[in-house]
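[1] model the structure of this input:
(chains A and B, ligands or ions: 1)
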Amino acid sequence: MNGQTIIDKLWNAHRVMKIGDESDLLYIDRIFLHERTGSIALQSLEHAGFDVRRPSRVFATMDHIVDTTPGRTDRTRVPNGAEFIRATRESVHAAGITLFDIGDPRQGIVHVVSPELGIALPGLTLVCPDSHTGTIGGLGALAWGIGSTDAEHALATQTLIVRRPRQMRVRFDGSLRPGVTAKDLILHLIGRHGAGGGAGSAIEFAGEAVRELPVEGRLTLCNMAVEFGAWTGVVAPDDSTIEYVRGRPYAPEDAAWDSAVAAWRTLSSDETAHFHAEIAVEVGGLGPQVSWGTSLQHIAATDGVVPSPDEAADRHAKEAMQRALQYMDLQPGQALSALPIAAAFIGSCTNARLSDLREAAAVLKGRKVSSDVRALCVPGSSTVKRAAEAEGLDAVFREAGFEWRESGCSLCFYAGGEGFSPGDRVISSTNRNFEGRQGPGTRTHLASPATVAASAVLGRIGSAGELS
Amino acid sequence: MTMDPTFRGIAAPLMRINVDTDAIIPSREMKRVSKTGLSEGLFANWRYLDPGAREPNPDFILNQAPFDRASILLAGKNFGCGSSREHAVWALKEWGIRAVIAASFGSIFASNCLNNGVLPVRLDEDTVETIAADVMEDPLANQVTVDLEKRRIVSGDRVWEFDIGERERQMLLRGLSPIAMTLQSDDRISKFEADDTRRRPWAVL
Ligand code: SF4
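    Here you go, the predicted structure:
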């Protein structure tokens, strides 16, 4: 008989009942809301006459719309942004939900806050009306993004009806070279297997390179599983996960901690477990990666060239490449390292944790941002910001010429407020390079924090290795 | 949110692949804490030459007659990937789209469709291409029938069957509230919670 995958184990522990042949009613341990979508869900729930079933298991934060300039208030440059902020505050208070509001030391981007506070734990189910919720899979939790209506369902019933997913295992074999990060791994994977390569699956990320990743790197990896077309991603918890979780504000203590650790130790795929698909990628020789186009499958090495649409797998991919070349103002064969940049952005739920900021600061120390580049660093949470300041990282960023901001999603996405300018070429530690994502007509290149920092110094796309 | 068991309408081909929800409705078009008033922002970056001034782009398919009256969208694979915003479906629906036919969908988008009475239909890529080609020849004569009752798509004398879960089909046909349906099993949820508190004391908050 086949053994169980980690996904089976997580799934079965949360199954309340079967729904038809293909779905189950799953218990949801934690729900997180943010001000962009949270207030709509809560208001509409109230309108329909339903209560929030377990408010103590629901949390909310202000991240998407809040301003990130120092000294911020409810005012924001997003059109009607203050309305979203106030509506969220009112509806979460009325429902008895804990809110990490502007000014709260725990405020930050939802997917950064939930693990760092120990609200997200290995072995839990967690949902949020936000597509990057799968980030939390990096702890060994089953976490996924949902829409507003499903969020209402989760709030009212503490459950969701979910179709049993196809399961995939992606194995990264070999050890990463120094300076090559989780971001490079996931960009490389999507570049190679396509933005739909994950095919709606639940993916276990495994292999030597994943085992060697620190927990924050695993969060980065799972953050972008959705960009691979996956339903979610997960990494089996191990000693480093347990050490990461220990002592966090909402983490279990004493006897509860011991029983938690015992449960987490069982969370790995059995040797005989069956996956519907397996992918193995050898990563020992991998170098820093960067996106060149407007889809996550448009990936190249930082020392590589812009590919030709003639290399595309099919007609649609070719057309998409042609449109991307036009939008990004690129020619096939151009060296990526020859592309001058207008701005550099370090932030987002992908790469704005303390380790990311350290990685970028190590590159920036004693160096200056190129004079024609606008550079910003927006810590992933207020907790990260304080920790970085305690280590003096803020000074490194500032002295190099970076702006140092309050925490939030900020320029990760354009919502009519702050954005980069049309035609600006931006190197960014975020997760989406879609048309207009960071501003109308803005050209986004995704990369690791180290590559973003190095490019800011070079004034063009380039890796940290080029500086030493 | 009920859906007609069967309807016939003009289908508009938008065959780009990986159309993300930012493209379906840009974030800046989500101006209110509301599920309505979104259709103007639908595909704003493509539909308008200048999204600010709302000047229509004559090259965009939904601006061209008779596609400006389409009720079915034919799309390239991985349609609705990206952000979880349900606004993408609210905008499509308010504009008049009742079904989207594509080879694959972003998974959150597909759930959001079902929750709002918009039918996501998966057909293989060649089939979607075939329907699109027929439509482009004569959009009025080659209108498409979506038959949720019999789970099939009809175009001219050709018929394709599609898959949809029975629960989803019933939800769409009968307009049932998923929350009310689940709460019929409230005792099962309460029992799970009671057992779980004993089994996983560490998971309780
Ligand atoms: S940082 Fe960017 S990707 Fe992450 S939750 Fe915020 S807007 Fe979404």
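[2] in terms of pLDDT, where does the residue in chain B positioned nearest to the ligand sit?
    Closest to the ligand within chain B is residue B:83: 7.2 Å, counting by C-beta to the nearest ligand atom. (Each C-beta comes from the backbone N, C-alpha and C, glycine too.) Predicted confidence (pLDDT) for residue B:83: 87.
[3] for residue A:1, same thing?
    According to the prediction, residue A:1 has pLDDT 65.
[4] any idea how far residue B:93 lies from residue A:373?
    43 Å (C-beta to C-beta, to the nearest Å).
[5] with neighbour numbers in mind, choose between those two.
    residue A:373 (23 against 20; other C-beta atoms under 10 Å in any protein chain shown).
[6] which residues touch the more buried one?
    Contacts were defined as C-beta atoms under 8 Å, 6 or more residues apart in numbering or on different chains; by that measure residue A:373 touches A:341, A:342, A:343, A:344, A:401, A:456, A:459.
[7] tally of neighbours for residue A:103?
    11.
[8] am I right that it sits in a helix?
    No: counting by DSSP: H, G, I helix; E, B strand; the rest coil, residue A:103 is located in no helix; its state is coil.
[9] if I look at it, how far off is residue A:354?
    Relative to residue A:354, and taking C-beta to C-beta, residue A:103 is found at 21 Å.
[10] residue B:78 now?
    From residue B:78 over to residue A:354 (counting by C-beta to C-beta), the distance is 34 Å.
[11] neighbour count winner among those two?
    Set residue B:78 next to residue A:354 and count neighbours by other C-beta under 10 Å: residue B:78 wins out with 26 against 22.
[12] alpha carbons of the helix or strand in which residue A:18 is found, in CSV - could you do that?
    Residue A:18 belongs to strand A:15-19 when assigned by DSSP states H and E. Only the C-alpha atoms of strand A:15-19 are listed here, as CSV (Å, rounded to 0.1, in the frame of the first residue of the first chain):
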residue,chain,number,x,y,z
ARG,A,15,-11.0,16.6,7.4
VAL,A,16,-14.4,17.2,9.0
MET,A,17,-16.4,15.2,6.4
LYS,A,18,-16.5,14.2,2.8
ILE,A,19,-18.4,16.4,0.3
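[13] ok, that strand: who's next to it in the sheet?
    Strand A:15-19 has the following strand partners under DSSP bridges: strand A:23-27 (antiparallel).
[14] run through who's touching the partner strand.
    Under C-beta under 8 Å, 6+ apart, the answer for strand A:23-27 is A:11, A:14-19, A:125, A:158-164, B:165, B:167, B:182, B:185, B:188-189, B:192-193, B:196.
[15] out of those residues, which sit inside helices?
    Among the contacts of strand A:23-27, DSSP state H puts A:11, B:167, B:182, B:188, B:189, B:192, B:193, B:196 in helices.
[16] pLDDT check: weakest of the residues you listed?
    Minimum pLDDT across the ones in helices among the contacts of strand A:23-27 falls on residue B:167, with 83.
[17] which ones are touching the closest residue to that residue other than its chain neighbours?
    Leaving aside its chain neighbours, residue B:167 sits nearest to residue A:20 (4.9 Å; criterion: C-beta to C-beta, 6 or more residues apart in numbering or on different chains). Taking C-beta under 8 Å, 6+ apart, we find residue A:20 in contact with B:165, B:166, B:167.
[18] out of the residues you listed, who has the most neighbours?
    Neighbour-wise, those (other C-beta under 10 Å) top out at residue B:167, 19 neighbours.
[19] so that one sits against residue A:19, correct?
    Yes: between residue B:167 and residue A:19 a contact is recorded at 6.2 Å, counting by C-beta atoms under 8 Å.
[20] mutual contacts of those two, please.
    residue A:161.
[21] burial count for residue A:311?
    10.
[22] swap that for residue B:68, sorry
    Around residue B:68 there are 15 residues (other C-beta under 10 Å).
[23] next: residue B:107.
    Quick note: residue B:107 (other C-beta under 10 Å) scores 26 neighbours.
[24] picking up where we left off before, I'd like to know which of the ones in helices among the contacts of strand A:23-27 are buried.
    A:11, B:167, B:182, B:189, B:192, B:193, B:196 (16 or more other C-beta atoms under 10 Å in any protein chain shown).
[25] distance to residue B:8 for those residues - can I get that in CSV?
    Formatted as CSV, those follow (distance: C-beta to C-beta, whole Å):
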residue, distance to residue B:8
A:11, 40
B:167, 26
B:182, 34
B:189, 41
B:192, 45
B:193, 47
B:196, 49
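[26] what's the most distant pair in those?
    B:167 and B:196 (24.4 Å; C-beta to C-beta).
[27] flag every buried residue along the helix or strand where residue A:46 lies.
    Element membership for residue A:46, per DSSP H and E: helix A:38-48. Within helix A:38-48, the residues scored as buried using 16+ other C-beta under 10 Å are A:38, A:39, A:40, A:41, A:42, A:43, A:44, A:45.
[28] does the most centrally placed residue in chain B belong to a helix, a strand or coil?
    Among the residues of chain B, the one closest to the centroid is residue B:113, at 4.2 Å (C-alpha atoms, centre = their mean). For residue B:113, the assignment made with three-state DSSP gives helix.
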